[in-house]
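Undergrad: dropping a prediction and its sequence here:
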Amino acid sequence: MTKILVIEDEANIRELITYNLVSEGYELVTAENGEDGLSLAKAENPDLILLDLMLPVLDGYEVIRALRKAGNPVPVIMLTAKNDEVDKVLGLEFGADDYMTKPFGVRELKARIRAVLRRCENGGAMMSERSEAEEIPETKNANPPTDVLVIDDLRIDIPGHEVTVAGKLVALTLKEFELLKTLAENRGIVLTRDRLLDRIWGYEYAGETRTVDVHVRYLRRKLGGDEDRYIHTIRGVGYKMKQ
């Protein structure tokens with residue numbers, strides 16, 4: 001049974017989420033503050049975390065930062081009453097996989113959860129996911145799937161879920177790895193933000209292509225070098241990996 005940890009200090013929201021997700025067949029674990037939530041994340045090994053940002057003791061930013069620092073790749077969906085883009089961007093940069101702004105609909109929450117879990121099932125990015133790669137139309141420039149992708153000094157080991165630059169290991173979140181892998185498998189081909197969003201996040205998220213931009217920026221920072229060293233921006237369209 002899929003286990004979801006809900007870290008939320010508002011009792012009515014916890015109860016609403018718990019009732020609706022248990023009825024969907026999920027196992028629920030809940031916490032009222034960030035400190036207890038972080039402890040449960042370690043003890044319960046959940047498959048996904050719903051994380052409120054405005055929490056007592058430890059806020060959501062501190063929780064996700066501690067998880068990622070410890071190497072915990074559990075997917076996280078942020079729940080935030082804030083509608084400020086800066087707050088959303090900060091949460092994504094700390095390693096969140098998605099976010100929802102309160103108030104939100106239960107149906108949308110369920111769809112987001114299914115999408116994130118679908119991307120992570122059976123090892124998530126550790127799979128080659130060749131069937132999903134077929135969603136991107138084939139062109140004469142498309143690169144055949146392979147277990148190891150090499151672009152200059154960048155090496156992407158898909159089965160090993162490892163990325164190195166000049167022999168040095170680069171720590172990436174699940175979504176960063178999937179984004180890099182998708183671009184690398186289609187190097188030389190321009191992929192639109194909408195296509196990347198649908199392919200990697202697994203749903204149509206109209207108007208929120210900023211999510212892709214944030215992950216590209218953070219990915220570039222981790223890979224080092226000039227901004228366009230590996231990933232080129234095609235203004236007004238999307239991104240492509242250098243040929």
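TA: Arrived safely, thanks for sending. Residues are numbered from 1 along each chain as shown.
Undergrad: not counting its neighbours along the chain, what's nearest the residue nearest to the spatial centre of the chain?
TA: Nearest to the mean C-alpha position of the chain, by CA atoms, centre = their mean, lies D97 at 3.0 Å. In space, and not counting its chain neighbours, D97 is closest to P75: 4.6 Å by CB to CB, 6 or more residues apart in numbering. From N, CA and C alone the C-beta is placed, and that goes for glycine too.
Undergrad: contacts only, for that neighbour.
TA: Neighbouring residues of P75 by CB atoms under 8 Å, 6 or more residues apart in numbering: 47-49, 97, 116-117, 119-120, 174.
Undergrad: could I get the phi/psi values of it?
TA: Dihedral angles of P75 (phi, psi; degrees, to the nearest 10) stand at phi -60, psi 140.
Undergrad: okay, it: pLDDT?
TA: Looking at P75, its pLDDT reads 92.
Undergrad: returning to what we had before: from the contacts of P75, which ones fall inside strands?
TA: Under the assignment DSSP state E, the contacts of P75 contribute 48-49 to strands.
Undergrad: and the contacts of P75, which is closest to F104?
TA: Taking CB to CB as the measure, F104 sits nearest to V116 out of those, at 14.5 Å.
Undergrad: could you measure the residue nearest to D97 against G34, distance?
TA: The spacing between P75 and G34, counted by CB to CB, to the nearest Å, is 18 Å.
Undergrad: after the helix or strand of the chain with the lowest mean pLDDT, next one along is what?
TA: Taking mean pLDDT, DSSP states H and E as the measure, the chain has helix 130-133 as its least confident helix or strand, at a mean of 35. Later in the chain than helix 130-133, the nearest helix or strand by DSSP states H and E is strand 148-151.
Undergrad: may I see the buried residues of that next one?
TA: Neighbour-count burial for strand 148-151, counted by 16 or more other CB atoms under 10 Å, picks out 149, 151.
Undergrad: list the helices and strands it packs on?
TA: strand 154-157, helix 174-185 (3 or more CB pairs under 8 Å, 6 or more residues apart in numbering; DSSP states H and E).
Undergrad: what's the average pLDDT for that strand?
TA: When pLDDT is averaged over strand 148-151, the result is 90.
Undergrad: can you pull the contacts of the residue nearest to the centre of the chain?
TA: Contact analysis of D97 by CB under 8 Å, 6+ apart lists 75-77, 116, 173-175, 201.
Undergrad: nearest to M241, of those residues?
TA: Taking CB to CB as the measure, M241 lies nearest K175 of the contacts of D97, at 16.3 Å.
Undergrad: what about the closest one, how many neighbours?
TA: Here the number of neighbours of K175 (other CB atoms under 10 Å) works out to 27.
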